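Participant: can you look at this prediction? I've put the sequence above it.
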Amino acid sequence: MLTSGSLQGKVDALMALYNIATVHENRIPVLAAGACTPLIRLLKDCKKSSKVAEKVIALLEFLMGFEEGRCSVTKEDGGLLAIVEVLEEGSFQGREHAVGALLTMCQSDRGKYRNFILEEGVIPGLLELTVQGSIRAQENARKLLDLLRDSPPQHRSGPPAAASNMLRSIAYDIAAHVDSAESGTVNARKMLTEMVQLSMEQSMRHLQQRAHVYSPSLSSAASTAKVFTK
């Protein structure tokens, strides 16, 4: 159904496979049935912010825990790029599953998959996720950025300032590795500027939401005060 069925047939097959693969023991049979390559092709063809893409990438995240699934992604022309596109353009949940899939790949064999992932231009999307994604997506984006560094990954903990310094270091390391030293510095600065802007916008929206919540209470308090001062 995934390879030659109608669009509705493919969606039905996708949902059936997803439900089956939620049980860990069922994932090897799903891979053995040759589901991975048709799933990647479906992801390439569909809109990256759609519900179909969200389910496909969720299923692929399950399958990235197996070498056969990871190899299918890298062998399929444009397969890894499709996952990166979901990370950049997908729904809130879709982006979370996309970074999870890439992180699983890189954690399984950093030496094998690191350059594959870097070559698809994943860094801007990951940096954006560190400030815009869900808590899980933010954490996984930071972990993946650390793995993509030229130097070995490090374990860090500490206040927000330490996390900011970590991201700055990661951005410079990766940008310098991908580009020349001079353009790498420029790209790293651009990435960090965009991160700061996103963070400020997020903080401003949060303050505006809080102001909206508290303004009715303030108006009520002001009215009460007028009653007691009459």
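Facilitator: Perfect, thanks for sending it. Numbering: from 1, shown residues only.
Participant: so Y18 sits against I57, correct?
Facilitator: No - Y18 is beyond contact range of I57, at 10.6 Å (criterion: C-beta atoms under 8 Å). (Each C-beta comes from the backbone N, C-alpha and C, glycine too.)
Participant: name the residue in the two with the higher neighbour count.
Facilitator: More neighbours surround I57 than the other of Y18 and I57, with 27 against 16 (other C-beta atoms under 10 Å).
Participant: now that one. Nearest residue, chain neighbours left out?
Facilitator: With sequence-adjacent residues excluded and distances taken as C-beta to C-beta, 6 or more residues apart in numbering, I57 is closest to H97, at 4.4 Å.
Participant: which residues touch that neighbour?
Facilitator: E54, I57, A58, L60, E61, V86 (C-beta atoms under 8 Å, 6 or more residues apart in numbering).
Participant: okay, now the unreliable bits of this structure?
Facilitator: By pLDDT under 70, the weakly predicted segments of the chain are 1, 151-230.
Participant: which residues in it form strands?
Facilitator: Per DSSP state E, the chain carries no strands over any range.
Participant: do you know how far K10 is from M105?
Facilitator: Noted for K10: a distance of 24 Å to M105, by C-beta to C-beta, to the nearest Å.
Participant: ugh, wrong one, V84
Facilitator: Relative to M105, V84 is positioned 12 Å away (C-beta to C-beta).
Participant: overlap in contacts, those two.
Facilitator: Taking C-beta under 8 Å, 6+ apart as the contact rule, V84 and M105 both touch I117.
Participant: those two - which one has more neighbours?
Facilitator: For V84 versus M105, neighbours defined as other C-beta under 10 Å are more numerous around M105 (27 against 21).
Participant: if I pick that one, what's in contact with it?
Facilitator: Counting by C-beta under 8 Å, 6+ apart, M105 makes contact with M64, R70, V73, Y113, F116, I117.
Participant: tell me how many other residues surround the second one.
Facilitator: R70 is flanked by 24 other residues according to other C-beta under 10 Å.
Participant: okay if I get the contacts of H97 as CSV plus distance to E128?
Facilitator: Shown next, in CSV, are these (distance: C-beta to C-beta, whole Å):
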residue, distance to E128
E54, 18
I57, 17
A58, 20
L60, 21
E61, 19
V86, 13
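Participant: now the buried members of those.
Facilitator: Taking 16 or more other C-beta atoms under 10 Å as the criterion, what is buried in those is E54, I57, A58, L60, E61, V86.
Participant: and which of these is nearest Q93?
Facilitator: Taking C-beta to C-beta as the measure, Q93 lies nearest E54 of the buried ones among the contacts of H97, at 5.5 Å.
Participant: just list the residues touching the nearest residue to the closest one once chain neighbours are set aside, thanks.
Facilitator: Leaving aside its sequence neighbours, E54 sits nearest to G94 (C-beta to C-beta, 6+ apart; 4.2 Å). Counting by C-beta under 8 Å, 6+ apart, G94 makes contact with K48, S49, A53, E54, I57, A58, V86.
Participant: check the gap between the nearest residue to R142 once chain neighbours are set aside and G100 for me.
Facilitator: The shortest distance from R142 to any non-neighbouring residue, by C-beta to C-beta, 6+ apart, is to T130 (5.7 Å). With distances taken as C-beta to C-beta, T130 is found 14 Å from G100.
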